[in-house]
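A.B. asks: Predicted model, plus sequence, below.
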Amino acid sequence: MLRAPPSTAGALGGASKGGAAGAPSTGGGGGGAAGNGAEMEMQRLTSQDAWLLEGGAYDDDDVDEEDDGMTGHHSATTTTTTTVGAADGGAPFAYLAAPGEGSVRGSRKPRRALAWPANRARCARFCVQCCAGLGLTWTFATFVLAAQTRTCWTAHDELEMLNKFNAVSFLDGDGPLPLKNAHSHNDYVNPKPLTEALMAGFCSVEGDVHLQSGDLFLGHDEPGPTTLRDVYVLPLARMAASKGGFVFGRSLRLGTCLQVTLLVDFKTASGKLATYELLDAIVDRANREVGALPDGRTLFQTYGADGTPLASPDSALPSPLRVIATGINDVSAELTAEMLGGPVHRMKLDVDHVPAPGSSLALASAWISVKWSMPWPPANGAELNATAAALRARAKEAHRAGLLARYWSAPDVPDFWELLLQSGIDLVNTDRIFSLHTFLTGRLVNTLD
């Protein structure tokens, strides 16, 4: 409870009594002087009371000679109930202002109390407005930055990154890390056929061809404007020749990807034998035009009548390039007979089943590629185990026949890639060159760690 500080005891009371009785004890003007003292003290008290009505409180530590010029009204003879901070909903208190109680102690400086409820509301509104302003500013800045920045990592971005790291070294040095398990399916549809796959370290690329006007044009359903010879055969031959017999500079040191594969898918249904003959002639011409390597190896691998690779007497290394024909399962018997019927041929076959051991098809084949037919993703652990068991069985069967295993039209996602490799499948067929590049290089780094 707030109250006025106690006044000097008896001073005001004695003067008041003297003035009221009119009996001078020290002279005829004693009562008047006492009355004037009472009035002055009452003015002081009413001034203090008025300040309290405005919501004040005393500070017992500060002393001041001024009364701050406050005015008010107060009864000098009764106990008055007033309110601290009445305008702000303060609590009432009893204030005894009788003059007989004594005078105010000294000159205490009052400390003005703040109207807390009203100030808290104003502060809260101010904080809300500031937060809202900051939030709107942040949102606007975010939209502006998002509009000016490409947030998605695309194949183009990764190609640019690979170009920065590999372009110079690919031409003049070791080049990218070769990835023996990576196969670029339908590579010719990429913005930069062959170049993107080799920059990503792929050891195998694929092109679909149509026989038309005496040449092999690239295209899936219809022939396009470019030819297999211009996009793949001649660039690969010249690259291998300029780099001393290797497409990748690290191949010899790492012992991997010593031979880059060009898989050619025959699309002309009624002319597959003619397609084979023209392809064999194109490869033979490239070998002769670009020339053999200093150690006697041909740029594209050649094979004898029994299907074995023809090696140079001066080198134990294979030729840096080879061609494999796919999409020939309906004419595999006729094609095999033609391939093995001459002294030399320049390609191997990709078949859809494991040929009988020692058969002509077995001698002419290098890969086994099967269309994926199992569900993915697996519904449960049992289904996953069954899928993995089927993949392991396929890989073992292919390896016993000396073939590399591949699946096409298969899930093109990292979880499936990992399952293929863990199950022993040799080649990961992908349309996502740079995603597979990132996956395989990261997997290799983790293996080294």
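C.D. replies: Great, that's in hand. As the structure is a computational prediction, the values presented were derived from the model and not from experiment. Numbering: from 1, shown residues only.
A.B. asks: From here on, just use CA atoms for contacts and neighbour counts.
C.D. replies: OK.
A.B. asks: Could you pull up the contacting residues of the residue nearest to Pro320 when sequence neighbours are not counted?
C.D. replies: Nearest residue to Pro320, sequence neighbours excluded (CA to CA, 6 or more residues apart in numbering): Gln259, at 4.4 Å. Counting by CA atoms under 8 Å, 6 or more residues apart in numbering, Gln259 touches Cys203, Phe246, Val247, Pro318, Ser319, Pro320, Leu321, Arg322.
A.B. asks: just these now: which is nearest Thr441?
C.D. replies: Distance to Thr441 across the contacts of Gln259 (CA to CA) is lowest for Cys203, with 13.5 Å.
A.B. asks: Tell me the secondary structure at that closest one.
C.D. replies: Classification of Cys203 by DSSP: H, G, I helix; E, B strand; the rest coil places it in strand.
A.B. asks: What is the burial count for it?
C.D. replies: A count of neighbours around Cys203, defined by other CA atoms under 10 Å, yields 25.
A.B. asks: how close does it get to Arg322?
C.D. replies: Separation of Cys203 from Arg322 (CA to CA, to the nearest Å): 11 Å.
A.B. asks: Over to Leu427?
C.D. replies: For Leu427, the distance to Arg322 - CA to CA - is 16 Å.
A.B. asks: okay, and the common contacts of Cys203 and Arg322?
C.D. replies: By CA under 8 Å, 6+ apart, the residues touching both Cys203 and Arg322 are Gln259, Val260, Thr261.
A.B. asks: Narrow these to those in helices?
C.D. replies: Nothing among the shared contacts of Cys203 and Arg322 maps onto helices, per DSSP state H.
A.B. asks: Can you lay out the residues you listed as CSV showing distance to Asp431 and pLDDT?
C.D. replies: Listed next are these as CSV, based on distance: CA to CA, whole Å; pLDDT from 0 to 100:
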residue, distance to Asp431, pLDDT
Gln259, 21, 96
Val260, 18, 98
Thr261, 17, 98
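A.B. asks: So which of the residues you listed is the closest to Met374?
C.D. replies: Nearest member of the shared contacts of Cys203 and Arg322 to Met374, counting by CA to CA, is Thr261, at 27.4 Å.
A.B. asks: neighbours around the closest one, how many?
C.D. replies: For Thr261, the count of nearby residues is 19 (other CA under 10 Å).
A.B. asks: Distance of it relative to Leu299?
C.D. replies: Thr261 is 12 Å from Leu299, where distance means CA to CA.
A.B. asks: shared neighbours, those two?
C.D. replies: Leu321.
A.B. asks: what residues does stretch 307-320 touch?
C.D. replies: Residues outside stretch 307-320 that contact it (CA under 8 Å, 6+ apart) are 240, 245-247, 258-260, 295-304, 340, 363-364.
A.B. asks: The helix or strand containing Leu273 packs against which elements?
C.D. replies: Element membership of Leu273 [criterion: DSSP states H and E] is helix 272-290. In this structure, helix 272-290 makes packing contacts with strand 202-212, strand 215-218, helix 234-242, helix 332-341, judged by 3 or more CA pairs under 8 Å, 6 or more residues apart in numbering; DSSP states H and E.
A.B. asks: Looking at whatever helix or strand comes next after the shortest one now, give me its mean pLDDT.
C.D. replies: In other words, strand 215-218. Along the chain past strand 215-218, the next helix or strand (assigned with DSSP H and E) turns out to be helix 228. Here helix 228 scores 98 as its mean pLDDT.
A.B. asks: Which elements pack onto helix 228?
C.D. replies: Contacts defined by 3+ CA pairs under 8 Å, 6+ apart place helix 228 against strand 215-218.
A.B. asks: In the stretch 251-400 of the chain, what residue spans correspond to helices?
C.D. replies: Under the criterion DSSP state H, counting those that start in this stretch, the stretch 251-400 of the chain contains helices at 251-254, 272-290, 332-341, 360-364, 381-400.
A.B. asks: now the angle from the third one to helix 272-290?
C.D. replies: If you take axes from the mean of the first three to the mean of the last three CA atoms, to 10 degrees, helix 332-341 sits at 30 degrees to helix 272-290.
A.B. asks: buried set for helix 332-341?
C.D. replies: For helix 332-341, the neighbour count (16 or more other CA atoms under 10 Å) marks Ser332, Leu335, Thr336, Met339, Leu340 as buried.
A.B. asks: Return the member of those residues nearest to Asp284.
C.D. replies: Met339 (14.0 Å).
A.B. asks: May I ask which helix or strand of the protein has the lowest mean pLDDT?
C.D. replies: When the helices and strands of the chain are scored by mean pLDDT, DSSP states H and E, helix 11-21 comes last with a mean of 40.
A.B. asks: Model confidence score at Ala94, please.
C.D. replies: Ala94 is assigned 42 on the pLDDT scale.
A.B. asks: and what of Leu278?
C.D. replies: Model confidence at Leu278, given as pLDDT, is 97.
A.B. asks: rewinding a little: got the angle between the helix holding Leu273 and helix 234-242?
C.D. replies: 40 degrees.
A.B. asks: Compute the inter-axis angle for helix 272-290 and strand 202-212.
C.D. replies: Put simply, helix 272-290 runs at 120 degrees to strand 202-212, going by the same axes, to 10 degrees.
A.B. asks: Could you check helix 272-290 and say which residues are buried?
C.D. replies: Buried residues in helix 272-290, counting neighbours by 16+ other CA under 10 Å, are found at 272-273, 275-276, 278-280, 282-284, 286-287, 290.
A.B. asks: try stretch 433-448
C.D. replies: Per 16+ other CA under 10 Å, stretch 433-448 contains these buried residues: Ile433, Phe434, Ser435, Leu436, His437, Leu440, Thr441.
A.B. asks: do the same with stretch 295-304
C.D. replies: Arg297, Thr298, Leu299, Phe300, Gln301, Thr302, Tyr303, Gly304.
A.B. asks: Kindly indicate which of those residues lies nearest Ser213.
C.D. replies: Closest approach to Ser213 among the buried residues of stretch 295-304 (CA to CA): Phe300, at 24.6 Å.
A.B. asks: so who does the closest residue to that closest one other than its chain neighbours touch?
C.D. replies: Excluding its sequence neighbours, the residue lying closest to Phe300 (CA to CA, 6+ apart) is Leu321, at 4.6 Å. Neighbouring residues of Leu321 by CA under 8 Å, 6+ apart: Leu236, Ala237, Ala240, Gln259, Val260, Thr261, Leu262, Leu299, Phe300, Gln301.
A.B. asks: Longest helix in the chain, please.
C.D. replies: When the chain is parsed with DSSP H, its longest helix is helix 116-148.
A.B. asks: now it: mean pLDDT?
C.D. replies: Mean pLDDT, helix 116-148: 75.
A.B. asks: Leu179 contacts Phe202, doesn't it?
C.D. replies: Yes - if you go by CA atoms under 8 Å, Leu179 and Phe202 touch, sitting 5.4 Å apart.
A.B. asks: picking that back up, from the buried residues of stretch 433-448, which is closest to Arg125?
C.D. replies: Using CA to CA, the buried residues of stretch 433-448 come closest to Arg125 at Ser435, 51.9 Å.
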